[in-house]
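Chemist: Output the structure for:
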Amino acid sequence: MSELKIIDVKDHINNWAGHQISIRKEENGDLDQINIQLEEATFEQRDAIDDYLSDNVMFLHGRAYSTEDGESTELPSVLYEVPLDGISGINIDGSIISFITNRGQYAIIKS
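Modeler: Modelled structure (predicted):
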């Protein structure tokens with residue numbers, strides 16, 4: 001994994017601070033969508049203690065909402081974690097960033 005690519009993704013997302021973003025994650029055929037009023041994106045490298053956690057993580061800070069069946073529910077945390085282990089296929093195209101990780105496919109969209 002190239003850390004430079006992760007930094008590019010984080011920096012591009014930080015240009016969207018103050019705007020609403022949507023995160024679409026597809027994992028094992030399940031599709032989740034989260035909307036965040038973005039404050040900032042940060043990156044952390046750590047030594048994960050189990051397989052559930054990721055060694056490379058991007059944190060999206062801001063008020064977050066889950067969208068399901070057209071209904072929005074505010075999430076209790078102001079921090080959304082995007083695991084980045086095995087990141088590949090990074091595509092940055094204006095207001096859409098997409099990539100694949102060991103856990104799923106992501107699209108982050110500036111609204």
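Chemist: host element of the residue nearest to the spatial centre of the chain?
Modeler: Residue closest to the mean C-alpha point of the chain, counted by Cα atoms, centre = their mean, is residue 82 at 4.2 Å. If you go by DSSP states H and E, residue 82 is part of strand 79-83.
Chemist: for that strand, which positions count as buried?
Modeler: Within strand 79-83, the residues that qualify as buried are 80, 82-83, counting by 16 or more other Cβ atoms under 10 Å. In short, each C-beta sits where N, CA and C put it, glycine included.
Chemist: thinking again about what came up before, dump the residue contacts of the residue nearest to the residue nearest to the centre of the chain when sequence neighbours are not counted.
Modeler: With Cβ to Cβ, 6 or more residues apart in numbering as the criterion, residue 82 has its nearest non-adjacent residue at 4.5 Å, and that residue is residue 58. The contact partners of residue 58, taken as Cβ atoms under 8 Å, 6 or more residues apart in numbering, are 6, 9-10, 13, 41-43, 81-82, 84.
Chemist: re the thing from before, between the buried residues of strand 79-83, which is closest to residue 106?
Modeler: Set against residue 106, the nearest of the buried residues of strand 79-83 by Cβ to Cβ is residue 82 (6.6 Å).
Chemist: ok, that closest one - contacts?
Modeler: Residues in contact with residue 82 (Cβ under 8 Å, 6+ apart) are 23, 57-60, 101, 106.
Chemist: Closest to residue 95 out of these?
Modeler: Lowest distance from residue 95 to those (Cβ to Cβ) belongs to residue 23, with 13.3 Å.
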